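A.B. asks: Okay, predicted coordinates and the sequence, questions at the end:
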Amino acid sequence: MGERAAPGPLLLSAALLAAGCALGLRLGRGRAAAERAALAWLCADALVHGALEGSFVYLSFMGNIADSEGFLASLWKEYGKADARWLHFDPTIVSVEILTVALDGFLAVVLVYAILKEKYYRHFIQITLCVCELYGGWMTFSPEWLMGSPSLSTNHWLYLWVYLVFFNGLWVLVPGLLLWQSWVELKKVYHKGTSLEKKSQ
């Protein structure tokens, strides 16, 4: 019989995602579906970076996750069943998470503001954030893959498909879609500018 997941950490993760999505949808009322979806994701993204990953960075500098107590520590201990690097002070993981908490969380908040206020720099921030998210995912897993994945537990469906694939996959799929959105919007702006230039000649 497989090891059972601790329900508390999973519920907290789901609650943070739901709260962020609800906030984003509320802020985006009256906007196009794609904009509301982007705002929902960005609010959830900022909450996860600040509350969850921020707690990981803090606990890592206070000692390590394996020896920490408390509800947030239990969340990371649960995730550590899938990726043991999160239980101890892994320099690569902690370095990536410092960047993620400090930069990505901040950029997500700035991007929410830029979308709501229709700022000219919206897509610059969006592209920057998405590249940072994708880079963070790559640097989290590529060193492990090159070593033969000794810290990853893939023999249990929950650890493989929920913790590793689903939760991490979200931070690949959504930034990829937002990059595509920026590409399409910037292309429209370019063609509009080119058309106006030709008419003025």
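C.D. replies: Ah, there it is.

A.B. asks: For the helix or strand where Gly20 lies, the averaged confidence score.
C.D. replies: Per DSSP states H and E: Gly20 is located in helix 7-27. Across helix 7-27, pLDDT averages out at 90.

A.B. asks: likewise stretch 155-172?
C.D. replies: For stretch 155-172, mean pLDDT is 95.

A.B. asks: Mind giving me the packing neighbours of the helix or strand Ser195 falls within?
C.D. replies: Per DSSP H and E, Ser195 falls inside helix 167-200. Contact partners of helix 167-200 among helices and strands, from 3 or more C-beta pairs under 8 Å, 6 or more residues apart in numbering; DSSP states H and E: helix 33-47, helix 122-146. C-beta here means a position set from N, CA and C on the backbone, and glycine is covered the same way.

A.B. asks: Give me the buried positions along it.
C.D. replies: Using 16 or more other C-beta atoms under 10 Å as the test for burial, helix 167-200 gives 170-171, 174-175, 178-179, 181-182.

A.B. asks: ok, those vs His156, which is closest?
C.D. replies: Nearest to His156 among the buried residues of helix 167-200 is Leu170, at 19.9 Å by C-beta to C-beta.

A.B. asks: Any figure for the gap between that closest one and Pro143?
C.D. replies: Per C-beta to C-beta, to the nearest Å, Leu170 is found 21 Å from Pro143.

A.B. asks: Of the helices and strands packed on helix 167-200, which is nearest Gly63?
C.D. replies: Among those, helix 122-146 sits nearest to Gly63 (C-beta to C-beta), with 21.3 Å.

A.B. asks: mind listing what Tyr79 touches?
C.D. replies: Going by C-beta atoms under 8 Å, 6 or more residues apart in numbering, Tyr79 touches 9, 86, 163.

A.B. asks: Cool, thanks, signing off.
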